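> here is a sequence with its predicted model. Questions after.
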Amino acid sequence: MSDFPSTVVDDDGNVHHLLKQPLGRGGQGVVLRTRSPHIAVKLIGAVEDAPAAPEARSAQKLWGQLTKAPGIALSPDAQRHSALRRRLEDVRALPLPRLHLAQPLSMLRDHVGYTMRLLTGMVPMRTLIAEPGTSKLGEFYQSSGGLGRRLELLANTAGLLARLHAVPLVYADVSPNNVFISETAEASEVWLIDLDNLDYLSANAPGIFTPGFGAPEVVTGRAGVSTLSDSYSFAVLAFWVLTQQHPFLGDYVEEGGWDDDGGEDREQLAFRGELPWIEDTADDSNRTNKGIARHLVLSKPIRELFQRTFEAGRKDRVERPSMAEWAEALRRAADRVVSCRSCGSSFDVTAGSCQFCTASPRASFIHMQVNRWDPELDDAAGASAVSTRAVWHKMLDVTKDSVVLRHVIEPVLADAEDAPVLRVRVLKSGIAIEALANHEIHVVLGGRMQRLGAELKLPLPKAGNEAFLHFGPLDRPHRMAVLRLYSEGT
């Protein structure tokens, strides 16, 4: 093993000066920044494990593997270099939709690796996970965006993977080092890097994974990567980001290194799917109270997806939810989040009040309830043009601008973009709404209807003076929404 080189040269003769601190390591190598903020380099080879203290627990060891990569085998390997070149040529030929993918740029000359384009202001999703043993976990959680930002970023990640799977392509190595997010808490961009593992779904797909995130069938070699192994890896990532606890590093795994009966490392047993997860409904032998209390951050639908993945899906991959299911559940959860005016935390509106601070005030927000509208229904016959059940709920913040995405106003297929369609601003004496896309939107207020063009200012939608929005031509079935203000004390 050797240290990282200080410079590398690509096929075009460009010299790239490498920064020593790696962005992270994955299943096949290490990604490093360069002096250019737009370019990163992936070096492929046998990565040296970061040394761990003898007393280090599994969570600390796994964290060290994700964050520290002191060296990589850099001996010339013509066969591996040639294979990588063919792999990157194949990736460039894939029918990739217009997605946030950091595509490879050029091969390296004297090392096995390549350059990739990297957006400025992006950091690994690992930054949303506190280092094991962090004393002020709540403060870290809030300062890194809280529950709302985590749900939004995970929903965007799930949507991105769902669109890849619809091609169908397999990403293969989902991990907190390969998913990049906006560095600022106010933004929610998500990009996938490390695309040399991207491939069609096939029986011959290689078994690539980052330690701690691989699906059991991939870790044990029973099967190669698939869309369902992607789903499993994503679930591990999502649970750790939301709860600050790895789903399989419970007290049983952490309290001892080796299984007394089989003589096998408990961590490896857990990663191979041979131990229960920490919230298993049928086996509590690996429980732990570490991390954020689950009831504070996991809605019932999301908890059920984790159960399907880590219980029945741990042994049978066809039992796992798809990425499209994950995307919808996370979008619904993110849209139900409101902010606490006292501590700034975000929480699910159904909790009623903030559960993260002693003041525990009720939230102020605008509830956007979305129903189906069918103009062909005959009101005279007792039918209503408005569906009896809401199809979506979106909470709009009263302290900052809110952006409504496409999934709120119409169904979004797995291979479609979930783009912004509406912006809502809360003013001192009302609200301002603005269309952001080419969607037909009609506003109804006080019995008067007008089509939304430029920004339109309306009174505060208090009870009895609600605003109604129709999303689509009025002579066809579409979704419509009612906006109603809820404030402290109401």
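Yep, it's here.
> shouldn't residue 85 be within a strand?
No: secondary structure of residue 85 (DSSP: H, G, I helix; E, B strand; the rest coil): helix, not part of a strand.
> so residue 394 sits in a strand?
Yes: under three-state DSSP, residue 394 falls within a strand.
> right, and it touches residue 404 too?
Yes: counting by C-beta atoms under 8 Å, residue 394 does reach residue 404; the two are 6.3 Å apart. In this view, the C-beta of every residue, glycine as well, is placed from N, C-alpha and C.
> between the two, which contacts overlap?
Common neighbours of residue 394 and residue 404 (criterion: C-beta atoms under 8 Å, 6 or more residues apart in numbering): residue 368.
> more neighbours: which of the two?
residue 394 (25 against 22; other C-beta atoms under 10 Å).
> so what's the more buried one bridging to?
residue 368 (DSSP bridges).
> strands of the stretch 301-450 of the chain, residue ranges please.
Along the stretch 301-450 of the chain, counting by DSSP state E, counting those that start in this stretch, strands occupy 337-339, 346-348, 365-373, 392-397, 402-405, 420-426, 430-435, 441-445, 448-451.
> so for residue 465, which of these sits nearest?
Closest to residue 465 of the strands of the stretch 301-450 of the chain is strand 441-445 (C-beta to C-beta; 7.9 Å).
> what are the buried residues along that closest one?
Residues 441, 442, 443, 445 are the ones in strand 441-445 that count as buried (16 or more other C-beta atoms under 10 Å).
> do stretch 334-348 as well
Under the neighbour-count criterion of 16+ other C-beta under 10 Å, stretch 334-348 has 334, 335, 336, 337, 338, 339, 340, 343, 345, 346, 347, 348 buried.
> how about the nearest residue to the fourth one, chain neighbours excluded?
Computed as C-beta to C-beta, 6 or more residues apart in numbering, the closest residue to residue 337 that is not its neighbour in sequence is residue 148, at 4.0 Å.
> next one, pLDDT for that neighbour please.
On the pLDDT scale, residue 148 is placed at 95.
> is it true that it lies in a strand?
No: read with three-state DSSP, residue 148 is helix and lies in no strand.
> can I assume it is in contact with residue 339?
Yes: contact criterion C-beta under 8 Å: residue 148 and residue 339 qualify, at 7.2 Å.
> pLDDT below threshold where in this structure?
Within the chain, the stretches with pLDDT under 70 are 1-2, 26-27, 46-56, 69-77, 202-206, 257-264, 378-383, 488-490.
> check contacts around residue 336.
Residues near residue 336 by C-beta under 8 Å, 6+ apart: 299, 348, 349, 350, 393, 395.
> and after the strand or helix carrying residue 154, which helix or strand comes next?
In this structure, residue 154 is located in helix 146-165 according to DSSP states H and E. Next helix or strand after helix 146-165 toward the C-terminus (DSSP H and E): strand 169-170.
> related to what we said a few turns ago, what separation is there between the residue nearest to residue 337 and residue 370?
19 Å (C-beta to C-beta, to the nearest Å).
> same question for residue 281.
Residue 281 is 32 Å from residue 370, by C-beta to C-beta.
> more neighbours, the two?
Per other C-beta under 10 Å, whichever of residue 281 and residue 370 has more neighbours is residue 370, with 22 against 11.
> which one is that one nearest to, not counting chain neighbours?
Taking C-beta to C-beta, 6+ apart, and ignoring the residues beside it in sequence, residue 370 has residue 392 as its nearest neighbour in space, at 4.0 Å.
> neighbours of the one you found, how many?
19.
> so who does it touch?
Contacts of residue 392 by C-beta under 8 Å, 6+ apart are 332, 335, 369, 370, 407, 408, 479.
> surely the fifth one is in contact with residue 331?
Spelled out, it's residue 407. Yes: taking contacts as C-beta under 8 Å, residue 407 lies within contact range of residue 331: 5.5 Å.
> okay, and the common contacts of those two?
residue 418.
> the two: which has the busier surroundings?
More neighbours surround residue 331 than the other of residue 407 and residue 331, with 24 against 21 (other C-beta under 10 Å).
> can you give me the helices in the stretch 151-300 of the chain?
216-219, 227-243, 251-255, 266-271, 294-297, 300-307 (DSSP state H, counting those that start in this stretch).
> residue 209 is nearest to which of those?
When the helices of the stretch 151-300 of the chain are compared by C-beta to C-beta, helix 216-219 sits nearest residue 209, at 5.2 Å.
> tell me the buried residues in the host helix or strand of residue 92?
If you go by DSSP H and E, residue 92 is part of helix 78-93. In terms of neighbour count (16+ other C-beta under 10 Å), helix 78-93 has its buried residues at 81, 84, 87, 88, 91.
> put the alpha carbons of the next helix or strand after it into PDB.
Next helix or strand after helix 78-93 toward the C-terminus (DSSP H and E): strand 104-107. This file holds the C-alpha atoms of strand 104-107, laid out as PDB (Å, rounded to 0.1, in the frame of the first residue of the first chain):
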ATOM      1  CA  PRO A 104     -17.100  10.300 -15.900                       C
ATOM      2  CA  LEU A 105     -14.900  12.700 -17.900                       C
ATOM      3  CA  SER A 106     -11.600  11.000 -18.800                       C
ATOM      4  CA  MET A 107      -9.400   8.100 -17.900                       C
END
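> sheet-wise, list the partners of strand 104-107 with their directions.
strand 113-117 (antiparallel).
> list the pairing partners of the very next helix or strand once past the partner strand within its sheet, with orientation.
Once strand 113-117 ends, the next helix or strand along the chain (criterion: DSSP H and E) is strand 122-124. Its sheet considered, strand 122-124 pairs with strand 179-182 (antiparallel) by DSSP bridges.
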